[in-house]
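Engineer: predicted model follows, preceded by the sequence.
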Amino acid sequence: ARDDTFTIRAYGESHAADGTVIARAWCESTVQRTREFLDPTDESDITTLPSEPANQTFGRRFKVISFRWLNADEV
């Protein structure tokens, strides 16, 4: 396993009852997937499936490195 870093952008909007858009928002986050499992009972360098239920369900640990709101002209 290795560390990976991702940049994720998201967009959302709010609508009035008649369907018109009344608000928009954009955000960006940098997220790092680490080698460590969520439950540290399993070693991070195992080559078989993890034994702990939390690790079987959720896998490796993720860390939010940064988060920011974006302006419309940044997308």
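Structural biologist: That came through fine.
Engineer: and the longest strand along the chain, what does it pack against?
Structural biologist: Longest strand in the chain, counting residues (DSSP state E): strand 21-37. Applying 3 or more CB pairs under 8 Å, 6 or more residues apart in numbering; DSSP states H and E, we find strand 21-37 packed against strand 4-15, strand 60-70. Bear in mind the C-beta positions are built from the backbone N, C-alpha and C, glycine included.
Engineer: could those strands go into JSON lines alongside mean pLDDT, distance to T48 and mean neighbour count?
Structural biologist: Converted to JSON lines, these look like this (pLDDT from 0 to 100; distance: least, CB to CB, whole Å; neighbours: other CB atoms under 10 Å):
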{"stretch": "strand 4-15", "mean pLDDT": "98", "distance to T48": "21", "mean neighbour count": "10"}
{"stretch": "strand 60-70", "mean pLDDT": "97", "distance to T48": "15", "mean neighbour count": "12"}
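Engineer: can you put those strands in JSON lines and add distance to D42?
Structural biologist: Shown next, in JSON lines, are these (distance: least, CB to CB, whole Å):
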{"stretch": "strand 4-15", "distance to D42": "19"}
{"stretch": "strand 60-70", "distance to D42": "10"}
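Engineer: show me how far the longest strand of the chain is from its chain's centre.
Structural biologist: Distance of strand 21-37 from its chain centroid, counting by CA atoms, centre = their mean, to the nearest Å, is 6 Å.
Engineer: which residues sit against it?
Structural biologist: Here strand 21-37 makes contact (CB atoms under 8 Å, 6 or more residues apart in numbering) with 1-16, 44-45, 50, 52, 54-55, 59-72, 74-75.
Engineer: and what of stretch 43-56?
Structural biologist: Counting by CB under 8 Å, 6+ apart, A1, R35, E36, F37, L38, D39, T41, D42, G59 sit against stretch 43-56.
Engineer: and with 10 Å instead?
Structural biologist: For stretch 43-56, contacts defined as CB atoms under 10 Å, 6 or more residues apart in numbering pick out 1, 34-42, 57-61.
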